[in-house]
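Pasting the sequence and the predicted coordinates here, then a few questions.
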Amino acid sequence: MKIDLLYPKIPENSDKFHGKCYAFEKYDGTNLHWKWNKEDGWHLFGTRRTQFTLNAKGIAGFQFNHIECRNAPDLFNERLRDKLTMFLCKHGIFSNYEVIVFTEFHGPKSFAGGHEIDDDHELTIIDVMLNGKLMEPEMFNQYFQKFGSARVVYHGKYSGQFAEDVRNGKYNVNEGVVVKGIVDGEVFMTKVKTKDYLKRLKDR
């Protein structure tokens, strides 16, 4: 079913950060979410604007509507579901939350959100939301790095020079980075894309 935009839009090239930030690699794929709570377990999933019940019927509906991502539920069930369940149940701080794990579905042949069905896809955890609020980047990295979360390419003060270095390919990322920090008590994000990626996007 259709839902309101679940994951916030990320502005480009913002400079609102007042202090230190984390820059995570930005993967060129499709943003998918997986919803958990202690009572229901993993019960809902989907894209940023669609949601399905995480059972056989819901998975079939997802695969019909999102054919390029049709193996995503299998990847989640095989590689992440049990590990994340054990972790969330073991750490009591999560038991009182509605937890949404956001992953990027991508593969070597993915480009501009499109995917080849026969590609070697993976799910990379890019964010976690607790009762509707994004987890702070330091805590996110601390807890979820062990599950193959987005790679941290920089930790420090945000600057124009850092953004320009990303654009010029210094950090060896395919698309760019998502920079996260705390602004006015809330998690704030901005994205910076490489010149090479923008050229490939323009030339496709």
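Thanks, I have the structure now.

Pull out the buried residues from the helix or strand that contains residue 83.
Using DSSP states H and E, residue 83 sits in helix 81-90. By 16 or more other CB atoms under 10 Å, the buried positions in helix 81-90 come out as 81, 84, 88. In this view, the C-beta of every residue, glycine as well, is placed from N, C-alpha and C.

Surely the last one and residue 99 touch.
Spelled out, that is residue 88. Yes. Applying CB atoms under 8 Å, one finds residue 88 in contact with residue 99, separated by 6.3 Å.

Common neighbours of the two, please.
residue 36 (CB atoms under 8 Å, 6 or more residues apart in numbering).

what kind of secondary structure is the residue nearest the centre of the chain in?
The centroid of the chain falls nearest to residue 126 when counting by CA atoms, centre = their mean (2.8 Å). What DSSP: H, G, I helix; E, B strand; the rest coil gives for residue 126 is strand.

dump the residue contacts of it.
Applying CB under 8 Å, 6+ apart, the residues near residue 126 are 24, 27, 31, 102, 103, 104, 149, 150, 178.

just residue 150 next, same as before
Counting by CB under 8 Å, 6+ apart, residue 150 has contacts 24, 25, 26, 27, 104, 124, 125, 126, 178.

Name the nearest residue to it, sequence neighbours excluded.
residue 24 (4.0 Å; CB to CB, 6 or more residues apart in numbering).

and after the one helix or strand the one you found maps to, which helix or strand comes next?
In this structure, residue 24 sits in strand 20-26 according to DSSP H and E. With elements assigned by DSSP H and E, the helix or strand that comes after strand 20-26 is strand 30-37.
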